[in-house]
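In: sequence below, structure please.
(one chain, ligands or ions: 2)
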Amino acid sequence: MSAFSATLTGPVLVIGAGLLGASAGLGLRNLGYTVYISDISPTVEAVAEDIGAGTSLRAVAEEWGAEAGFVLEPQLVVVAAPPDVTAELVVKALGEYPQAFVIDLASVKSAILADVLTSGADATRYLGTHPMAGREKSGPVAARGELFAARPWVLCEHPLARRELVKLAQQVAVELGSTVTFLDASEHDRTVALISHVPQVMSSLLASRLQDTPLYALGLAGQGLRDTTRIAASDPNLWVQILAANAQPVVQTLYGVREDLERLISTLEAPTDSGSRLDIAQLMSEGNHGVARIPGKHGGAPRAFAQLTVLVDDTPGTLSRLLHEIGELGVNLEDLRLEHSPGAPVGMAEISVNPSEHEKLVDDLTSRGWKVVT
Ligand SMILES: NC(=O)C1=CN([C@@H]2O[C@H](COP(=O)(O)OP(=O)(O)OC[C@H]3O[C@@H](n4cnc5c(N)ncnc54)[C@H](O)[C@@H]3O)[C@@H](O)[C@H]2O)C=CC1
Ligand SMILES: O=C(O)C(=O)Cc1ccc(O)cc1
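Out: Ligands and ions are numbered 1, 2, ... in the order given. Down below sits the predicted model:
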């Protein structure tokens with residue numbers, strides 16, 4: 001098999017064994033590929049090996065070093081390090097492994113591509129990619145082989161990239177369960193500014209309001225606050241780099257947010273003035289229109305489901321009994337979200353079903369003794 005085949009056979013070398021790198025390693029190992037992992041931190045590299053993300057390159061090099069018998073010839077190098085060192089690591093890998101294709105997973109693409117193109121390295125073997133899959137946690141301990149399943153994965157083709165490389169990167173993404181989207185690097189950066197980077201900023205700004213809030217007040221918080229602040233727990237070091245590297249597109253989106261915020265503030269400063277209530281309603285309804293456009297389950301067009309909330313005792317087996325009974329009633333569960341009532345041993349299972357099944361399901365569950373709130 002030629003080293004520049006469009007089909008992945010391995011071995012794969014993952015550089016950066018944190019959340020994304022170890023997840024890719026785990027996923028590829030589960031698919032049967034040989035994976036080596038490397039990290040600037042020996043501890044991270046060892047942990048990633050322990051969780052099954054691949055063979056530690058350091059450990060192999062140490063083992064074989066004395067006999068000078070081990071030469072790694074990866075077919076594919078995956079750079080999964082922070083954005084500010086990604087271009088440098090890509091260029092290094094292109095030089096060190098002249099028979100390998102090199103992709104990276106960084107959240108920003110234009111600056112890295114520009115650095116690789118001006119480095120003099122063989123950019124025909126490089127492709128920038130971005131799995132739109134992540135968590136608010138970092139490091140290999142948070143890694144999951146299924147991280148990429150049912151998530152989009154963006155491939156940023158550039159004019160020099162070899163066709164076989166694009167095909168191979170597509171295969172990696174698809175085998176890890178992702179759906180592939182092609183965007184060029186600047187289109188990618190503009191898009192993620194709106195759908196990923198500004199949401200992070202908004203979540204962090206909101207959560208920062210809570211720093212001095214008394215604990216009793218936070219104890220009253222419902223799912224709304226949890227939903228809107230979940231990603232505020234993200235790693236500041238990573239986000240400094242992402243926001244700095246994509247500052248222009250992020251700022252453009254924030255100008256729009258600032259305009260709406262200023263409009264809302266001035267309206268609320270005089271809420272009884274004529275037209276104020278209409279303006280508030282309009283802002284809320286603009287939000288309704290925006291959220292309705294986010295694709296729903298399975299990435300399809302947004303679908304409207306009917307919801308019901310069932311109170312479930314916080315005891316082992318109650319939730320699974322509820323789900324089992326819904327199945328027995330022949331109803332397909334479209335979505336499920338579990339909320340906990342602060343300070344009470346009861347959970348609230350928010351269930352989404354097709355609107356045509358809603359009324360009957362409420363009646364059937366009620367007659368079976370469940371407490372249903374619609
Ligand atoms: N965290 C997320 O949700 C997502 C992150 N990404 C991108 O994936 C990349 C990795 O992010 P995470 O895995 O979340 O970060 P992480 O902090 O969990 O892992 C990054 C790893 O890279 C290692 N590293 C740093 N400098 C290195 C060097 N010079 N050589 C070798 N290893 C080095 C670090 O020691 C660390 O273990 C970033 O570029 C990020 O933008 C992409 C999609 C989602
Ligand atoms: O947690 C979420 O909802 C995310 O969207 C995670 C995420 C963070 C950074 C990325 O570059 C891509 C995805």
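
In: ok, now which ones touch residue 79?
Out: 15, 16, 86, 89, 90, 93, 102, 103, 104, 105, 106 (CB atoms under 8 Å, 6 or more residues apart in numbering). (C-beta placed from N, C-alpha, C; glycine too.)

In: restrict the residues you listed to those near ligand 1?
Out: 15, 16, 86, 89, 105, 106 (CB under 6 Å from any ligand atom).

In: residues touching the closest residue to residue 61 other than its chain neighbours, list them.
Out: Closest residue in space to residue 61, ignoring its immediate chain neighbours: residue 70 at 6.6 Å, by CB to CB, 6 or more residues apart in numbering. Residue 70 sits next to 60, 61, 63, 64 when contact means CB under 8 Å, 6+ apart.

In: and residue 35, by the same measure?
Out: Counting by CB under 8 Å, 6+ apart, residue 35 has contacts 10, 11, 12, 13, 14, 25, 28, 29, 53, 54, 55.

In: mean confidence for the host helix or strand of residue 256?
Out: Residue 256 belongs to helix 247-269 when assigned by DSSP states H and E. The pLDDT scores in helix 247-269 average 97.

In: contacts only, for residue 151.
Out: 131, 132, 133, 177, 178, 179.

In: from those, list just the buried residues.
Out: Burial by neighbour count, 16 or more other CB atoms under 10 Å: within these this picks out 131, 132, 133, 177, 178.

In: pull the contacting residues for the residue nearest to the fourth one when sequence neighbours are not counted.
Out: Distance criterion CB to CB, 6+ apart; nearest residue to residue 177, sequence neighbours excluded, is residue 149 at 3.4 Å. By CB under 8 Å, 6+ apart, the residues touching residue 149 are 176, 177, 178.

In: list the contacts for residue 87?
Out: 111, 112, 115, 116, 119.

In: any idea how far residue 117 is from the closest residue to the last one other than its chain neighbours?
Out: With CB to CB, 6+ apart as the measure, residue 91 is the residue that lies nearest to residue 119, at 4.5 Å, once sequence neighbours are left out. Here the criterion is CB to CB, to the nearest Å. By it, residue 91 lies 10 Å from residue 117.

In: in terms of neighbours, single out the busier of these two.
Out: Set side by side, residue 91 and residue 117 show more neighbours around residue 91, with 22 against 15, by other CB atoms under 10 Å.

In: and the helix or strand hosting the more buried one with ligand 2, contact?
Out: Of the helices and strands defined by DSSP H and E, residue 91 is found in helix 83-96. No. Residues of helix 83-96 are not located near ligand 2 by CB under 6 Å from any ligand atom, the shortest gap being 9.3 Å.

In: cool, stretch 190-200 as well?
Out: Yes. Interface with ligand 2: stretch 190-200 contributes residue 196 (CB under 6 Å from any ligand atom).

In: which of the residues in that stretch are buried?
Out: 190, 191, 192, 193, 196, 197, 198, 200.

In: reformat those residues into TSV and put distance to ligand 1, secondary structure and pLDDT next to each item.
Out: Putting these into TSV (distance: CB to the nearest ligand atom, whole Å; DSSP: H, G, I helix; E, B strand; the rest coil; pLDDT from 0 to 100) gives the following:
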residue	distance to ligand 1	secondary structure	pLDDT
190	17	helix	97
191	14	helix	98
192	9	helix	98
193	14	helix	98
196	8	helix	96
197	11	helix	97
198	15	helix	98
200	10	helix	97
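
In: pick out the most distant pair among those residues.
Out: 190 and 200 (15.8 Å; CB to CB).

In: outline the domain layout of this protein.
Out: 12-183, 191-267, 270-295, 306-373 (automatic domain parsing).

In: most tightly surrounded among the ones you listed?
Out: Between the domains of the chain, domain 12-183 has the highest mean count of neighbours, a mean of 20, where neighbours are mean count of other CB atoms under 10 Å.

In: now do the end-to-end distance for it.
Out: Using CA to CA, to the nearest Å, the end-to-end distance of domain 12-183 comes to 24 Å.

In: now it: average pLDDT?
Out: Rounded mean pLDDT across domain 12-183 is 95.

In: for that domain, the distance to its chain's centre please.
Out: What separates the centre of domain 12-183 from the centre of its chain is 16 Å, taken as CA atoms, centre = their mean, to the nearest Å.

In: out of the buried ones among the contacts of residue 151, which sit inside strands?
Out: Among those, DSSP state E puts residue 131 in strands.

In: of all the buried ones among the contacts of residue 151, which two lie farthest apart?
Out: 132 and 177 (12.5 Å).

In: phi, psi of the nearest residue to residue 63 once chain neighbours are set aside?
Out: In space, and not counting its chain neighbours, residue 63 is closest to residue 70: 7.6 Å by CB to CB, 6+ apart. According to degrees, to the nearest 10, the main-chain angles of residue 70 amount to phi -100, psi 120.

In: residue 124 contacts residue 159, correct?
Out: No. Residue 124 is beyond contact range of residue 159, at 9.8 Å (criterion: CB atoms under 8 Å).

In: any chance you could map the strands in the protein?
Out: Going by DSSP E, the chain shows strands at 12-15, 35-38, 55-56, 76-79, 101-104, 126-131, 152-156, 179-182, 306-313, 335-340, 346-353, 371-373.

In: packing partners for the third one?
Out: The reference is to strand 55-56. Packed against strand 55-56, as judged by 3 or more CB pairs under 8 Å, 6 or more residues apart in numbering; DSSP states H and E, are the following elements: strand 35-38, helix 42-50.

In: check the first one too.
Out: Contacts defined by 3+ CB pairs under 8 Å, 6+ apart place strand 12-15 against helix 19-30, strand 35-38, strand 76-79, helix 83-96.
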